[in-house]
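1. no FASTA, just this:
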């Protein structure tokens with residue numbers, strides 16, 4: 001029999017990230033804790049970036065899916081410390097990113113030029129012959145690379 005926390009976690013595994021819909025909020029590791037006190041369910045989440053615009057939408061989706069599963073008293077808490085890190089992503093999340101055409105994070109180096117200095121595999125042809133095009137992609141958490149072998153541009157999920 002599932003405990004209350006495990007049941008809620010199973011439900012939260014169905015909540016997709018609005019910016020990368022192939023990932024769930026549990027794949028990303030942003031669900032930090034679940035607390036159940038009296039009849040209130042508290043879900044503690046950490047944004048991938050401070051001020052991440054998706055967090056409000058994620059909170060709405062958490063409330064929606066929990067209500068659909070019979071939970072009425074829901075509290076969403078944003079926890080900023082410790083700061084989210086790509087280390088919290090599951091290996092399954094990284095595989096999902098590759099399949100979706102986004103290179104997953106590969107380095108924990110944080111020098112000012114780290115994006116130019118890390119080898120990033122093309123998620124399309126798996127070549128390591130890639131180059132940074134822009135440090136800023138479609139969202140704050142991504143950079144844009146291009147593969148010199150297949151010619152395809154692709155997003156890279158930045159480490160932090």
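-> Noted; the coordinates are in hand. All values reported here derive from a predicted model rather than from experimental measurement.
2. only C-alpha atoms for contact and neighbour calcs from this point on.
-> OK.
3. Show me how the record splits this protein into domains.
-> The record, using automatic domain parsing to delimit domains, assigns the chain the ranges 4-84, 91-157.
4. The first one: end-to-end distance?
-> Meaning domain 4-84. With Cα to Cα, to the nearest Å as the measure, domain 4-84 spans 25 Å from end to end.
5. Could I get the average pLDDT for it?
-> Within the predicted structure, the mean pLDDT of domain 4-84 is 94.
6. Could you report the distance from the residue sitting nearest the centre point of the chain to residue 46?
-> Nearest to the mean C-alpha position of the chain, counting by Cα atoms, centre = their mean, stands residue 28 at 3.4 Å. Relative to residue 46, residue 28 is positioned 10 Å away (criterion: Cα to Cα).
7. just to revisit the earlier point, quick check: which of the domains of the chain is buried the most?
-> Among these, ranked by average contacts under mean count of other Cα atoms under 10 Å, first place goes to domain 91-157 (a mean of 17).
8. How far does that domain stretch from one end to the other?
-> Using Cα to Cα, the end-to-end distance of domain 91-157 comes out at 14 Å.
9. Likewise for stretch 58-78?
-> Where stretch 58-78 starts and where it finishes are 11 Å apart, if you go by Cα to Cα.
10. Need the residues that contact that stretch.
-> Residues external to stretch 58-78 that are found in contact with it (Cα atoms under 8 Å, 6 or more residues apart in numbering): 8, 11-12, 15, 17-18, 39-47.
11. The nearest residue to residue 36 once chain neighbours are set aside pairs with what?
-> With Cα to Cα, 6 or more residues apart in numbering as the criterion, residue 36 has its nearest non-adjacent residue at 6.2 Å, and that residue is residue 42. When bridges are taken as DSSP bridges, the partners of residue 42 come out as residue 35, residue 75.
12. right, and residue 42 touches residue 35 too?
-> Yes: Residue 42 is in contact with residue 35 according to Cα atoms under 8 Å; the separation is 5.0 Å.
13. related to what we said a few turns ago, how much space separates the nearest residue to the residue nearest to the centre of the chain once chain neighbours are set aside from residue 106?
-> Among residues not flanking residue 28 along the chain, residue 89 sits closest, at 4.5 Å (Cα to Cα, 6+ apart). Taking Cα to Cα as the criterion, residue 89 is separated from residue 106 by 12 Å.
14. and what of residue 118?
-> Residue 118 sits 8 Å away from residue 106, taking Cα to Cα as the criterion.
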